[in-house]
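Sequence below, structure please.
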Amino acid sequence: MASEPKFLLGRGETLNRESRYRSGPNDAKPPYTWDVQRAHLLPQMAAQQEVFRQLPLEACPGDRVVSAVTLHPQYYSRSAFPSELAGSIGLRLVGSRPIMVKPRDGRGSNKEGGIPSTVLFLAGRRVQFQRLLEISTGDIEDSLIQDLIKIESMAAMQAEDRLMGSLGSSPELVEIVLHHDAEVDMNWEDAFLEFASASGVELDQAREYQSRGLWFMPALASAAAATRLANFAFVRAIRPMPKLRPLKRPQMLRAMQNVPHIALPSEEALDSSFRVAIFDGGLPMDHPFGLWANRIEPAAKDGIGSSIDEYVEHGLAVTSALLFGSVQSGLQPRPYSGVDHFRVLGDQTVDAKLYPVMLYIDQILSQSNYEFATLSIGPVEIVGDDKVTAWTTMLDDHFQQGQMLGTIAVGNAGEAPVPMNRVQVPSDCVNALAIGASSSGAPGWARAPYSCVGPGRAPGLVKPDLLQFGGIAASQFKFVFPGPSIAEAIGTSFATPAVMRIASGVRAHFGAGISTVGIRALLIHSAVNPDEHPREEVGWGLVPSDLSAITVCPDGSVRVLYQGHLDPSKVIRTEVPLPPGELEGMVEIAATFCYLCQTDPHTPGDYTRAGLGITFRPHQGRFPKPSPPNFRTDPDFPESKSFFEGVGRNTEQALRHDSFKWDTTRHARHRFRASSLDRPVFDIHYQAREPGSKLSPSSAIKLPYALVVTVTASKHPDLYDQVVAHYPTLAAIRPRTHLPLPIRV
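Numbers count the residues shown, from 1 in each chain. Predicted structure coming up:
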């Protein structure tokens, strides 16, 4: 009789214990003396005042203007925020954007292309900026000097800084983005509406969208009108409205020779306790998925319009991919879950009229409690390092608040010239999985040539996150169409629901004991990249379609899932489970952290509000050599080794000293000599931040997280059993229903 499979172990969080926080020394020397800095800044402040004086009063509500203040890269971190400019001068941070800076001196001054820093958008009355100029010419408080030394440059925001992309002489659809805090900026909303009307811009107020720090609004504007409106102080950007990504229309196989026969199962979904939300082109009345799929049509008020055959066929293919994957001849597998397919495309959303689509999706997610959602649609717009779109903003909010697992297609422009081949909005969400397409699901797979490439936008530079088979010309993705018959096509549109199918399979078999963020961590953790394709092409790798590769431990390995919430500013010490006694040979430790957090779209350089400082300590009996004064050996802090830090080496992110801390996904694997391991641990420090403050916010929420750790020791085939015996609080997560296992020869 065959033994029971060794299913992954849960309750890893029982191996957590609290620890102390210990920071390293900070001996950074200021790059400039005050005399040098004053001589540099005073002319810039004076020039800024001259620009401010020339702005029309109607463009400066409450006499307020906005300055772009570029920080020296040495002061990029949250703790270095120049709070005295806000405190003593009264300026307010309304946003920021990342930038590469080559400073005059100090860190980064020897780098030809500069290193990452940030531009702060500071708002205040013109008299306050004049006061800053006057103060800087005479005696000045030391605290303000310390903040002014952090500034590399300062300049007034002008119309040309806010115009992005090219517009024509005739009115066309544009997207206007404003710095806007709903609590403090209501008093200038009417002034903006009047200024827009006077500028010749026709706003679509019925389609506006507001989020933390930003106000998005579609409009009609010519180049001349947009230029006039760009003088308004709180405008951040005016750009052409992107169009809908082209949707690949599946082709029927009924005219081909040797069309395979298919049959659909007669059972309902394996688990009826949850459903997956699909947002796409809709389903036809005669769709063959009646047992498993709900066809949900928009109302007239939603602004979507009537269905379009091409979009409906795309939606039909996406639904088939989620229910069955790429179909094979014969009886199809029983779907893991049911789906609710929301038609969000129609004859009123063609061309660039995408705001109704986004707002309709927002409405559905606001009124429901889905744990799983998938999108294979979006605008034709590559991610930008210094911008966040309304689409990304809206989805990141929903995925975080509902702890929802989302999958989003990265787009099919991978063969376009650089940089137009980069992953597309909204796949830059940090609280969702961005999915690309592979050429196959078998050994020898590679990125499908059309699948868009990374990097993503910091802090989530690893985009796509994952790949799954999406088809290529010689081997296309196959779908069930009415008949039932078979159609085929290629695209990331189909790889994306295929990944969601695998995720729903984990939930259907193992239940809600594995959280959605836990499923996300398991998918990333089990992804493979044996041929070491570049990370910007394949992300973390190909997701296995076989659920046992995700949830079953082979001989010589043990996989443990840790789940829960982290408290802000606290440090948790998490033990990596190893059996007692000495192991032999080499030991591999693979670890994946995933968490969900609030985001700040108006500060894309500091987009995530939560970060993890993770320190790996492999041996409890080995300590660092005594360091400078006040850093003597502490028995609570064994020697540390890098674990995740090398993942982004040679990227822009790696050049920022705290870059990895703010990424919602961390994944790495390393091999160690068994003798170098003794009760290894990860020290996890949850650090919260808030724009405009150098201190951790007292109101920071608990952070939902999941950690997956796999230990592999090939010379110890009974490693799993030894760990189970030594850690009685760990328990196997067994499937609630029979899990098909591959036959291994």
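
Is my assumption valid that Gly282 occupies a position in a helix?
No. Judged by DSSP: H, G, I helix; E, B strand; the rest coil, Gly282 forms no part of a helix; its state is coil.

Correct me if wrong: it contacts Asp347.
No. Taking Cβ atoms under 8 Å as the definition, Gly282 is not a contact partner of Asp347, at 11.7 Å. Yep, even glycine has a C-beta here, placed from its N, CA and C like the rest.

So between the two, which is more surrounded?
Gly282 (27 against 11; other Cβ atoms under 10 Å).

Report the beta-bridge partner residues of the nearest residue to the more buried one once chain neighbours are set aside.
The shortest distance from Gly282 to any non-neighbouring residue, by Cβ to Cβ, 6 or more residues apart in numbering, is to Arg343 (3.1 Å). Applying DSSP bridges to Arg343 yields these beta-bridge partners: Asp280.

The nearest residue to Cys553 once chain neighbours are set aside: what's it in contact with?
Among residues not flanking Cys553 along the chain, Lys6 sits closest, at 4.3 Å (Cβ to Cβ, 6+ apart). The neighbourhood of Lys6, defined by Cβ atoms under 8 Å, 6 or more residues apart in numbering, consists of Val552, Cys553, Pro554, Val558, Tyr720, Ala732.

pLDDT at Lys6, what is it?
Listed pLDDT for Lys6 reads 96.

In terms of helices and strands, where is Thr496?
helix 492-510 (DSSP states H and E).

Next: Gly90.
Since the elements are taken from DSSP H and E, Gly90 ends up inside neither a helix nor a strand.

Could you report the neighbour count for it?
13.

before we move on, what about Gly471?
24.

With Gly346 instead?
With other Cβ under 10 Å as criterion, Gly346 counts 23.

Equivalent analysis for the one 3 residues further on, please.
Thr349 has 25 neighbours, counted by other Cβ under 10 Å.

just Thr137 next, same as before
By the criterion of other Cβ under 10 Å, Thr137 has 11 neighbours.

between the contacts of Lys6, which has the most around it?
Val558 (26 neighbours).

List the residues that contact that one.
Applying Cβ under 8 Å, 6+ apart to Val558 gives the contacts Lys6, Leu9, Pro577, Thr710, Val711, Leu719, Tyr720, Val723, Val724.

wait, what's in contact with the last one?
Contacts of Val724 were listed using Cβ under 8 Å, 6+ apart, and they are Leu9, Val558, Leu730, Ala732.

which ones among those residues are found in strands?
Assigned to strands by DSSP state E, the following of these qualify: Leu9, Val558, Ala732.

I'd like to know which of the residues you listed is nearest to Glu381.
Leu9 (42.7 Å; Cβ to Cβ).

so the closest one touches Pro728, yeah?
No. Counting by Cβ under 8 Å, Leu9 stays clear of Pro728, with 11.4 Å between them.

okay, the two: which has more neighbours?
With other Cβ under 10 Å as the criterion, Leu9 and Pro728 differ in neighbour count, and Leu9 comes out ahead with 23 against 8.

residue contacts, the more buried one?
Val558, Arg559, Val560, Leu561, Pro577, Val723, Val724, Leu730, Ala731, Ala732, Ile733 are the contacts of Leu9 under Cβ under 8 Å, 6+ apart.

and those, which are buried?
Val558, Arg559, Val560, Leu561, Pro577, Val723, Val724, Leu730, Ala732, Ile733 (16 or more other Cβ atoms under 10 Å).

so what's the last one closest to, chain neighbours aside?
The reference is to Ile733. That would be Gly10: by Cβ to Cβ, 6+ apart, it lies 4.3 Å from Ile733.

Contact partners for the one you found?
Shown in contact with Gly10 (Cβ under 8 Å, 6+ apart): Gly513, Ile514, Val560, Leu561, Gln563, Leu730, Ala731, Ala732, Ile733.

go with 6 Å
Counting by Cβ atoms under 6 Å, 6 or more residues apart in numbering, Gly10 touches Leu561, Ala731, Ile733.

of those, closest to Val201?
Among those, and counting by Cβ to Cβ, the member closest to Val201 is Leu561, at 52.4 Å.

Can you tell me the SS state at the closest one?
Quick answer, by three-state DSSP: Leu561 is strand.

Make 27 the first number, not 1, from now on.
I'll keep to 27 as the first residue from here, and by that count the last item is Leu587.

any idea how far the spatially closest residue to it that is not a sequence neighbour lies from Arg448?
Excluding the flanking residues, the one nearest Leu587 by Cβ to Cβ, 6+ apart is Gly36, at 5.1 Å. For Gly36, the distance to Arg448 equals 38 Å [Cβ to Cβ, to the nearest Å].

same question, Ala714
Where Arg448 is concerned, Ala714 sits at a distance of 30 Å (Cβ to Cβ).

got it, and Ala700?
43 Å.

So for these two, which sits in the more crowded spot?
Each of Ala700 and Arg448 has its neighbours counted (other Cβ under 10 Å); Arg448 has more, 24 against 16.

looking at the sheet around the residue nearest to that one when sequence neighbours are not counted, what are its partners?
Using Cβ to Cβ, 6+ apart and skipping the chain neighbours, the partner closest in space to Arg448 is Ile408 (4.3 Å). With DSSP bridges as the criterion, Ile408 is bridged to Gln450.

For Ile408, grab the count of nearby residues.
Around Ile408 there are 20 residues (other Cβ under 10 Å).

So for it, what's the pLDDT?
Predicted confidence (pLDDT) for Ile408: 92.

I'd like the average pLDDT over the helix holding Thr522.
98.

now the helix or strand following that helix and helix 518-536, what's the angle there?
Of the helices and strands lying after helix 518-536 in sequence (DSSP H and E), the nearest is helix 542-552. Counting by axes from the mean of the first three to the mean of the last three Cα atoms, to 10 degrees, helix 542-552 points 110 degrees away from the direction of helix 518-536.

Sort out which residues of helix 542-552 are buried, please.
Thr542, Val543, Gly544, Ile545, Arg546, Ala547, Leu548, Leu549, Ile550, His551, Ser552.

same thing with stretch 256-267?
Ala256, Asn257, Phe258, Ala259, Phe260, Val261, Arg262, Ala263, Ile264, Arg265, Pro266, Met267.

what does it contact?
Defining contact as Cβ under 6 Å, 6+ apart, one finds that stretch 256-267 is touched by 85-86, 90-92, 185, 188-191, 199-205, 221, 252, 378.

Doesn't Phe642 lie inside a helix?
No. Phe642 is assigned strand when assessed by three-state DSSP, not a helix.
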